[in-house]
Each structure stands twice: as C-alpha cells, then as structure tokens.
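Asks: Provide a 3D model corresponding to the input given below.
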Amino acid sequence: MLWNRKVKALLFAVFCAAGFVFLAAFSRDRQSEKICKKVNVKIDNEYNNYFLSESEVKALLTRNGVQPLIGTKKGEIDLKRLEMRIKSHKFVREAQVSRDLEGNINVFIQQNRPIARVLSATKDVYLDEEGNQLPLSQLYTAHVIPVTIDAALTSGTKTFFQDSVGVPYLHLLKFIEKDPFWGAQLAHMHIDGKGKVSFLTQVGDQQIEIGKPARFEEKLRKLFIFYREVLPVTGWEKYSRLNVEYKDQIICE
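Replies: Numbers count the residues shown, from 1 in each chain. Here you go, the predicted model:
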C-alpha cells in the first residue's frame, strides 16, 4: 500500500512537471508569434543636447526601412543586433533595447556630450569627455569652447586628447565646461607649439595665459580672485594680457 502511494505521488509529480513544461513552451511559442505594433524611442536630453532625432534612431533600427520592425513577429527580432546598430552612431553613448509583453520595442538612448570644439585648417569636430572626436550635426550646435592646437604638437593625430601628453588638456577642458564662471567667460582656447595654453575672454577682451596645464585649478583660482577683487577697481578694460603661468604671481599688461 505504501509503495502504491509513492508510485502515485511520483507519477503525479511527473505529470505536473510535464504539464508545466508544455504550458511554458506553449506560452513561449505564443509570445514569439506576437507582432510588433509600435517602436517607442526615448532619448535622454539631460544636458539639452539634440544631436539625435527619433527619426534617425528608427532609420538605424530598420536600416532605413529595409528591415521594418512594425509587423514583424517578436521571435524574429534580435534585440542585441538592434542595440549594436544604434551604438554605431557617434552621438550615442549608451543604448538599451527591450520589448514589452505585447511584443512592442522600447529604445532608451543616452547621448554623448561634447565639451569642446576642435578647429583646424583640416577639421572641425566636437570633443567628448573621453577625448573622442564627434562629427558636427545638422540638427544642433553645442555651445562649447572652441579649441585650436598648433600643428607641430598634434602631428595630425586623432588621439591627442587621449594620450599621455594630451590628457591634462582634456582635464582642463572638462573643468572649464563644468565651471559656471569660466564656462561663460572663456571664449577660445589655444595650445601653442610648446604646449602652453592661452584664452580669449568674453568680457574684457583679454588674453589669459596659464602656461602648461599643470596646476590649472590653482592658476584659475588665483585669476578668479584677481577678477573679483582687482578688475572691479581698475576697470575691466585696463589690461589686455593676464599671465598666471608662474607660481605666486600675476603678470598684467
């Protein structure tokens, strides 16, 4: 009798497991047959960048309409492949593609953020926080500091702001971009052939010289005190050149 009960319990467990597997497979098959009826695109514009439009994203997803998503079965859509297509765009920093229970596609995108615009006789590109070059956009113009670099320093390389020589200049640009005062006051940055940095200003029409970017926070802090305490007394137009390259002194001309 006890043996019969064990057999019945075992058979019941087997039938339950088989039923669960069947229902799971049935549900999976039904899900894979669902048709995509909508593609939802959300672009994060935390920094008010508008380099990427919803229509561009949908063009990337469908290869300009050649591989439409709407009307396609859920099981025929490769989400990872769609993510890779979106990430191929220069202004995409991160992308996530998912689908809901109805089979519709949801896309979330974080955009790359330019911090400067690098100008030369041969190129005009944006620079992001990691030193990557980004193309200009027909949709939007970023209000970032223009940068020119002596050709002798870069030697035509595209990775100047990512190598050991250029990284300190990238740190300087990131500091300027995030600082409310210097972000508004500095109108142009130039790096000469010796690696020394100078700026043109928005107010006062002055040239600011800080030398190489070592200790740049200390140099700009010293200059900020000069702006706050001296220039309001002497007048903003009194000096055309301010040099804070050397420790514990400001050269004014």
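Asks: Touching, His89 and Leu61? I think so.
Replies: No - contact criterion Cβ atoms under 8 Å: His89 and Leu61 do not qualify, at 11.0 Å. Glycine gets a C-beta too; all of them are placed from N, C-alpha and C.
Asks: Those two - which one has more neighbours?
Replies: Relative neighbour count places Leu61 above the other of His89 and Leu61, with 23 against 17, counting by other Cβ atoms under 10 Å.
Asks: quick one: the nearest residue to Arg63 once chain neighbours are set aside from Asn64, how far?
Replies: Distance criterion Cβ to Cβ, 6 or more residues apart in numbering; nearest residue to Arg63, sequence neighbours excluded, is Arg85 at 7.6 Å. In this view, Arg85 and Asn64 are 11 Å apart by Cβ to Cβ, to the nearest Å.
Asks: Provide the secondary structure category for the residue nearest to Arg63.
Replies: Using DSSP: H, G, I helix; E, B strand; the rest coil, the structure places Arg85 in helix.
Asks: Sketch out the low-pLDDT regions of the protein for me.
Replies: Applying pLDDT under 70 to the chain picks out residues 1-33, 155-157.
Asks: So what are the structural domains in it, by residue number?
Replies: 39-111, 115-252 (automatic domain parsing).
Asks: Can you get me the start-to-end distance on the shortest one?
Replies: Across its full length, domain 39-111 reaches 19 Å between end residues, using Cα to Cα, to the nearest Å.
Asks: Which positions in stretch 62-69 come out as buried?
Replies: Thr62, Leu69 (16 or more other Cβ atoms under 10 Å).
Asks: Equivalent analysis for stretch 92-105, please.
Replies: Result for stretch 92-105 [16+ other Cβ under 10 Å]: buried residues Val92, Arg93, Ala95, Val97, Arg99, Gly103, Asn104, Ile105.
Asks: Give me the phi and psi angles of the second one.
Replies: Comment: the main-chain dihedrals of Arg93 come out as phi -90, psi -40, following degrees, to the nearest 10.
Asks: hmm, back to that, double-check the residue nearest to Arg63 against Leu61; I have them as touching.
Replies: Yes - judged on Cβ under 8 Å, Arg85 makes contact with Leu61 at a distance of 6.3 Å.
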